[in-house]
Structure formats: structure tokens, C-alpha cells
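Trainee: Got a sequence here, can you build the structure:
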Amino acid sequence: MVRYKCFQCNKKVTEDYIKKRVRCPYCGSKLLFKPRSTITKVKAR
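Mentor: Numbers count the residues shown, from 1 in each chain. This next block holds a predicted model:
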């Protein structure tokens, strides 16, 4: 399941809620984003 975060209050919002509305259920902000996973860098030889 994809999780989004609110840009203003930084709380997690589920994808199911995003399908119904485009606002954060906690603060009402319209700015949501998907946090990126950490990237592991490997040095070439």
C-alpha cells in the first residue's frame, strides 16, 4: 500500500483516502507527497 504524507502537518495519509478526496484528513492541506525510499549508493571499481 502506498502511503502519502501531508506537506504541512507531516502525517501519513493512506492511498484509499486519496481516491475519495485530495485533502489531508488532519489539517485540510491540499499538498501531499510520496516520501522516497532511501537509496543505497555503490561505488564502481
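
Trainee: pretty sure Tyr4 contacts Lys12?
Mentor: Yes. Using CB atoms under 8 Å, Tyr4 makes contact with Lys12 at a distance of 7.3 Å. Placement of C-beta: from N, CA and C, glycine included.

Trainee: Tell me how many other residues crowd Thr38.
Mentor: 5 (other CB atoms under 10 Å).

Trainee: err, Cys24, not the other one
Mentor: A total of 22 residues lie near Cys24 under the criterion other CB under 10 Å.

Trainee: Could you look up the next helix or strand downstream of the helix or strand bottoming out on mean pLDDT in the chain?
Mentor: One helix or strand of the chain scores below all others by mean pLDDT, DSSP states H and E: helix 15-20, with a mean of 80. Next helix or strand after helix 15-20 toward the C-terminus (DSSP states H and E): strand 32-33.

Trainee: now for that following strand, which elements pack on it?
Mentor: strand 3-6 (3 or more CB pairs under 8 Å, 6 or more residues apart in numbering; DSSP states H and E).

Trainee: quick one: low-confidence parts of the chain?
Mentor: Low-confidence segments of the chain, defined by pLDDT under 70: 1-2.
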